[in-house]
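Engineer: After the sequence you'll find the predicted model.
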Amino acid sequence: MNQWYCSVCHEKFDSKDQPDTCDVCHADNRMIMNIKEVPQSLDQVRDLARKKLKGICAAYPSCDGNFDKICQREAYGKPIGLGGVGQGRSFRSNFEALENIQLNMSVLGDHFEPDTSCSFLGIGLDFPVLPSSTAGAQNYNDALDETMFCTSVLRGSKEAGTIGLRGDTWFYTSENNPSLNAMKACDGYGIPIFKPRSQDVLKILIEKAENIGCKAVGIDLDGCGSTIMARQGQPVFK
């Protein structure tokens, strides 16, 4: 008998063989691992990521978008990947801009416990850091299911005391939207960011988000340049 762990909902269960799905959150076996193989450190997490994302991402300690990173070797004509589009200049510029933000230690004065809590769009957060609105993870070596990836980000955000943003891509539709499916499973906890689709489609998506209980929605304005959306019959607009 072996003990298994669901990386989405943290459920543990006993079974001789690896279960096909989690009985609690319905994650498939890609999200279930033997309890003895669960990473116990960040280095172990990176090692596991390198295996699952072989040839796409090497899970470097510094994710800076430089040309020596394998994510910058994706071929033209393919969907934008982890390394960004073209020469990846925006990727590197964003990294450099974040590097310019530094904290100064102050050890003189009255002792106090720092309070990092804040409010974002009326949502109380323990600290002002939000997971970004990525999408399309299931296209990377089929390492995980898209909806389960979204669910993991949202659950992890809530456990950490913040709220996660979820993105939009060419295989997301108004009828079957992994981002909204995950938020429904999380009782509306999360902020969906939609591509600038047609007004009629956006109205449908926003109404669905509202019905699920989402506190806010957003539009990925840069997404108006997505050619793959248009090629898949989901045009985007300025």
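Structural biologist: Sure, I can see it. Residues are numbered from 1 along each chain as shown.
Engineer: Not counting its neighbours along the chain, what's nearest the residue minimising distance to the centre of the chain?
Structural biologist: Nearest to the geometric centre of the chain sits T134, at 4.8 Å (C-alpha atoms, centre = their mean). Spatially, and ignoring its direct neighbours in sequence, T134 is nearest to G167 (5.2 Å; C-beta to C-beta, 6 or more residues apart in numbering). In this view, the C-beta of every residue, glycine as well, is placed from N, C-alpha and C.
Engineer: give me phi/psi at the one you found?
Structural biologist: phi -100, psi -160 (degrees, to the nearest 10).
Engineer: Was I right to think it contacts E146?
Structural biologist: No - taking contacts as C-beta atoms under 8 Å, G167 lies outside contact range of E146: 10.4 Å.
Engineer: what separates the residue nearest to T134 from C63, distance-wise?
Structural biologist: To C63, G167 is 17 Å away according to C-beta to C-beta, to the nearest Å.
Engineer: out of the two, which sits in the more crowded spot?
Structural biologist: G167 (21 against 14; other C-beta atoms under 10 Å).
Engineer: ok, now which ones touch that one?
Structural biologist: Residues near G167 by C-beta atoms under 8 Å, 6 or more residues apart in numbering: 132-136, 179, 193, 220.
Engineer: Am I right that Y5 sits in a strand?
Structural biologist: Yes - counting by DSSP: H, G, I helix; E, B strand; the rest coil, Y5 is located in a strand.
Engineer: Alpha carbons only: can I get the lowest-mean-pLDDT helix or strand in the chain in PDB?
Structural biologist: Lowest mean confidence among the helices and strands of the chain (mean pLDDT, DSSP states H and E): helix 227-231, at a mean of 87. Presented in PDB, the C-alpha positions along helix 227-231 are these (Å, rounded to 0.1, in the frame of the first residue of the first chain):
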ATOM      1  CA  THR A 227      -2.200  36.400 -34.300                       C
ATOM      2  CA  ILE A 228      -2.800  32.900 -33.000                       C
ATOM      3  CA  MET A 229      -6.200  34.000 -31.600                       C
ATOM      4  CA  ALA A 230      -7.200  35.200 -35.000                       C
ATOM      5  CA  ARG A 231      -6.000  32.000 -36.700                       C
END
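Engineer: Identify each buried residue in that helix, please.
Structural biologist: 228-229 (16 or more other C-beta atoms under 10 Å).
Engineer: ok, back up a step: which residues are in contact with each of G167 and E146?
Structural biologist: 135-136.
Engineer: Look up how far C118 lies from the closest residue to I70 other than its chain neighbours.
Structural biologist: Nearest non-adjacent residue to I70, counting by C-beta to C-beta, 6+ apart: A58, 5.5 Å away. A58 sits 34 Å away from C118, going by C-beta to C-beta.
Engineer: How much space separates the residue nearest to the centre of the chain from V153?
Structural biologist: Per C-beta to C-beta, T134 is found 8 Å from V153.
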